[in-house]
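A.B. asks: Kindly return the folded structure for what I paste below:
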Amino acid sequence: MGAMGVERLQKVMAAAGICSRRQAETLLRQGLVRVNGALAMLGDRADPASDLITVRGQALVARPEPLLLLVNKPPGVLCSCRDPRGRPTVLELLPAELRRGRGLHPVGRLDADSRGALLLSNRGDVTLRLSHPRYGHRKTYRVWVEGRPAAQALERWAAGVPLNGQASQPVGLKLIGQTSQATELELVMAEGRNRQIRRTAAILGHPVLDLKRWAIGSVRLGDLPEGRWRRLDPQEWQVLNCQP
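C.D. replies: I've put the predicted structure just below:
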């Protein structure tokens, strides 16, 4: 909860995520809240950092501070909190104090073979806002594919290639560069179906050689090294339409 200081109990209880302020007032009126063993009354104040607050006999556990991290995921690392087969996960890229008791989890997915920008959050409302298509957070990818796709193939990709009989949304597509055997593309996408880029490239006859996500909305990797992470600053929370 951070350095909240002395606050009204209903605010402290609501901030801990156990109930609304109105519900907290009801619990106080019913005599179900104690501070340091003494019965608490409506209007009482306490400091969750130093006072023992109990509700129905259970100690109040403060909600962890809100976290939103950007990770530059290396290939071969899973977008999950743990793996029963012992394969490396994105949480293992973080220091121990962030892995334990913080509730961090990946926002969306980036398949194991792919690399680049991935957000981690410990807030369900933030995860929903960042991952649900209706909020319109477009993602930018740099992709190397085999061969030199013809203009017609690139036009099909940009228009949206159906997968499993379901239409796909249009894709912002830009040709970045070519060698004799491969082509680099920039893709900007509003949806993220399972392995969508790889499946689309295979359908068009130009399998993916390398896939890196550069940005999520306006939050970019910049010079963040592969395998490293950083906290998002308050301005970045705001441009993602989220509140710490």
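A.B. asks: can we go C-alpha only for contacts and neighbour counts from here?
C.D. replies: Fine.
A.B. asks: quick one: the helices in this structure?
C.D. replies: 9-15, 21-29, 96-99, 124-131, 151-159, 196-203, 234-239 (DSSP state H).
A.B. asks: give me the low-pLDDT residue ranges for this structure?
C.D. replies: For the chain, the stretches with pLDDT under 70 are 1-5, 62-64, 101, 132-135, 244.
A.B. asks: neighbouring contacts of stretch 95-102?
C.D. replies: 64-65, 91-92, 104, 122 (Cα atoms under 8 Å, 6 or more residues apart in numbering).
A.B. asks: So which residue is dead centre in the chain?
C.D. replies: residue 107 (2.7 Å; Cα atoms, centre = their mean).
A.B. asks: picking that back up, and of the contacts of stretch 95-102, the nearest to residue 37?
C.D. replies: Nearest to residue 37, judged by Cα to Cα, of the contacts of stretch 95-102 is residue 64 at 24.0 Å.
A.B. asks: Outline the domain layout of this protein.
C.D. replies: In terms of domains, the chain is parsed into 7-59, 68-134+221-239, 138-216 (source: automatic domain parsing).
A.B. asks: Show me the contact partners of stretch 23-35.
C.D. replies: Against stretch 23-35 from outside (Cα under 8 Å, 6+ apart): 9-10, 13-14, 39-42, 46, 51-57.
A.B. asks: from the residues you listed, which is closest to residue 173?
C.D. replies: For the contacts of stretch 23-35, the minimum distance to residue 173 (Cα to Cα) is 45.7 Å, reached by residue 14.
A.B. asks: Tell me who's in contact with that closest one.
C.D. replies: If you count contacts by Cα under 8 Å, 6+ apart, then residue 14 has 20-21, 24 around it.
A.B. asks: got it, and residue 7?
C.D. replies: 45-47.
A.B. asks: what would these look like in a markdown table with neighbour count and distance to residue 83?
C.D. replies: Converted to a markdown table, these look like this (neighbours: other Cα atoms under 10 Å; distance: Cα to Cα, whole Å):
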| residue | neighbour count | distance to residue 83 |
| --- | --- | --- |
| 45 | 18 | 44 |
| 46 | 21 | 41 |
| 47 | 17 | 39 |
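A.B. asks: With that, I have no additional questions.
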